[in-house]
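Enquirer: Okay, sequence plus prediction incoming.
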Amino acid sequence: MKPAVFDHAAPAALTDALALLARPGAKPLSGGQSLSPMMNLRLVRPGAVVDIKRLPGLRGAVEAADHIRFGAATTHAEIEDGIVPDPTNGLMPHVAHGIAYRAVRNRGTLGGSLAHADPAADWPSVMAALSATIITSAGRRIPAEGFVLAPFTTALTAGEIILAVEVPRLPPGARWGYCKINRKIGEFAKAIGIAIETPRRLLAGAVEGPPVLLENLDEVATRLPHLDAAAQRLAGIAVQRAIAMMEA
């Protein structure tokens, strides 16, 4: 199928983009790897698409002593290839390499994945586990662990977009484990487990809703009561494997 008729704009300035996005029916376009297929299937029919991927400040990374600030339009491939610096001792490049396929990673973006808020996507879980901060066009700083409110629903308000993501630096040598269970490489996850040594973090992701931080492995069943027994077991396996990878 082809999308319904829509207007397209590629403003050169953030203020112009935000003015266009304030209009009813407007949607931002960054990598387009989620929005474009949905438009082709006519699951969404925006009246206007505002291309934001080339806006100043939305690309690249800025280093600080305790964190790195990634522009929202930073692509998965740029993270995978080390074109932007890595504050996570290899975790972010490892995750980026497992997202979909290279053609998707070349265009898909960090901010776009977070804003889309698919529970089975990698970055919402990873950013929550890393205690990242989402910087928005409204000047808000939203902790990543509270950014996803429900499947495909975030804390963003109408017309608000992600400008950047601040990721704290892990201590040198701090180990991590990441387990993504899916039917084949490149697919969305059936379950995600993340373990970080310092600061200590455990997380279960791809749990049909926001990612869930855990105190220990035994909390999988009690913190995920909305999942059936099979899904709880899969989440527990993912977390257990992440812990084993971290401790290996």
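Expert: Great, that's in hand. These figures come from a predicted structure and were not determined experimentally.
Enquirer: in this structure, which spans are strands?
Expert: Using DSSP state E, the strands found in the chain span residues 7-9, 26-29, 48-51, 61-63, 67-71, 133-136, 141-143, 148-150, 153-154, 162-168, 176-181, 191-196, 201-205, 212-214.
Enquirer: Would you mind finding the most buried of these?
Expert: Of all the strands of the chain, strand 191-196 carries the top mean neighbour count, a mean of 28, counting by mean count of other CB atoms under 10 Å. For every residue, glycine as well, the C-beta is placed using N, CA and C.
Enquirer: Which secondary structure elements does it sit against?
Expert: Helices and strands touching strand 191-196, by 3 or more CB pairs under 8 Å, 6 or more residues apart in numbering; DSSP states H and E, are helix 122-129, strand 176-181, strand 201-205, helix 229-247.
Enquirer: residues contacting the closest residue to N216 other than its chain neighbours?
Expert: Residue nearest to N216 in three dimensions, not counting chain neighbours: L202, with 6.9 Å by CB to CB, 6 or more residues apart in numbering. By CB atoms under 8 Å, 6 or more residues apart in numbering, the contact list for L202 reads G193, I194, A195, I196, L213, L214, E215, N216, L217, V239, A242, I243.
Enquirer: Switch the residues you listed over to a markdown table; also include pLDDT and distance to I162.
Expert: Output for the contacts of L202, formatted as a markdown table (pLDDT from 0 to 100; distance: CB to CB, whole Å):
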| residue | pLDDT | distance to I162 |
| --- | --- | --- |
| G193 | 98 | 25 |
| I194 | 98 | 21 |
| A195 | 98 | 26 |
| I196 | 98 | 23 |
| L213 | 97 | 21 |
| L214 | 97 | 26 |
| E215 | 96 | 29 |
| N216 | 95 | 32 |
| L217 | 93 | 32 |
| V239 | 97 | 27 |
| A242 | 98 | 26 |
| I243 | 98 | 30 |
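Enquirer: Which residues are in contact with the nearest residue to S113 once chain neighbours are set aside?
Expert: Excluding the flanking residues, the one nearest S113 by CB to CB, 6+ apart is W123, at 4.3 Å. Counting by CB under 8 Å, 6+ apart, W123 touches V95, L110, S113, L114.
Enquirer: State the pair within these that is farthest apart.
Expert: V95 and L114 (13.0 Å; CB to CB).
Enquirer: who's more crowded, those two?
Expert: Neighbour tally, V95 and L114, criterion other CB atoms under 10 Å: the higher count belongs to L114, 26 against 22.
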